[in-house]
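Undergrad: fold the following, please.
(one chain, ligands or ions: 1)
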Amino acid sequence: MSESIEQPFSQEEDFKPDNEVYEKASLIVQTTSSCSKSCPECYLKENPEIKKEELNQERYEESISKLNEGDTIALRGGEITTIRDWFEKFVAPALNKGLKIIIETNGYFIGKEDYQSILEKINDERISVRISFDPEHLKDLKEENVSSEFEKMAIFAEDAESAGINFGFYSLGMNSEQIQKFVRGTPLEHYINKFHPLAFYPQISAVEIKGKYLKSNGNISDRIEV
Ligand code: SF4
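TA: Alright, predicted model coming up:
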């Protein structure tokens, strides 16, 4: 059950750098440079040179063939769930290889036509779903659509929790107090224990990563390439 709203976070967890993906993943994959959103602070927006492209399937499968069973892979975008058949193209091959998978998403798939089937597919103990959700991700919405975005996230939280899907909300640039204010009085208040406060990286390409980064153009590097 959820912890009390007053004490949802442990102290160590407060405003920590986003280490999970960078320390765990043997491969971080930019499946696409396209996104359904246009958050003002996003590097995709900052660089007009970035071409909207989807990672080549063969390049992806060749890259994961070098990983070992039990390794962790992080799948991100842009927004991975805007890709047609994204689960079959990117998640299924990684599952077949015996990898653990972190899916990083803005929640675009929630409520779409194939939502129920996606819920069934991601219900796998090797998969965890990280949903980016913070005020930055609401800035491109009209004011009247903001509350339905909270409702959409709460629907997923309820579905995922009852199905036993591993998931969390990740709020970049927010500490626990800011998150509590952000969700107070919304349908997400009940899921405050699923939130992770994260420090903002001013320069994502300077962050050390354990493994490699596979960009949507097929380049492999030791850093996050923007
Ligand atoms: S959802 Fe993520 S990738 Fe998409 S524009 Fe916002 S910050 Fe960028």
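Undergrad: gap between the helix or strand of the chain with the lowest mean pLDDT and the chain center?
TA: Lowest mean confidence among the helices and strands of the chain (mean pLDDT, DSSP states H and E): helix 43-46, at a mean of 71. Averaging C-alpha positions (C-alpha atoms, centre = their mean, to the nearest Å) puts helix 43-46 17 Å from its chain's average.
Undergrad: could you do stretch 167-180 as well?
TA: Using C-alpha atoms, centre = their mean, the offset of stretch 167-180 from its chain centre is 13 Å.
Undergrad: pull the longest helix from the chain.
TA: helix 143-163 (DSSP state H).
Undergrad: can you get me a residue count around Gln116?
TA: By other C-beta atoms under 10 Å, the residues close to Gln116 number 10. Where you see a C-beta, it was placed from the backbone N, CA and C, and this is true even at glycine.
Undergrad: please, which helix or strand holds it?
TA: Applying DSSP states H and E as the criterion places Gln116 in helix 115-122.
Undergrad: that helix: how far from the chain's middle?
TA: The answer for helix 115-122 is 16 Å, by C-alpha atoms, centre = their mean.
Undergrad: repeat that for stretch 117-124.
TA: For stretch 117-124, the distance to the chain centre is 16 Å (C-alpha atoms, centre = their mean).
Undergrad: what about stretch 30-37, start to end distance?
TA: Distance between the boundary residues of stretch 30-37 (C-alpha to C-alpha, to the nearest Å) amounts to 16 Å.
Undergrad: repeat for stretch 92-108
TA: Using C-alpha to C-alpha, first and last residues of stretch 92-108 are 19 Å apart.
Undergrad: what residues does it touch?
TA: Taking contacts as C-beta atoms under 8 Å, 6 or more residues apart in numbering, the residues outside stretch 92-108 that touch it are 20-21, 24-25, 35-37, 60-61, 64-65, 67, 69-77, 79-82, 91, 122, 124, 126-133, 137, 152-153, 156.
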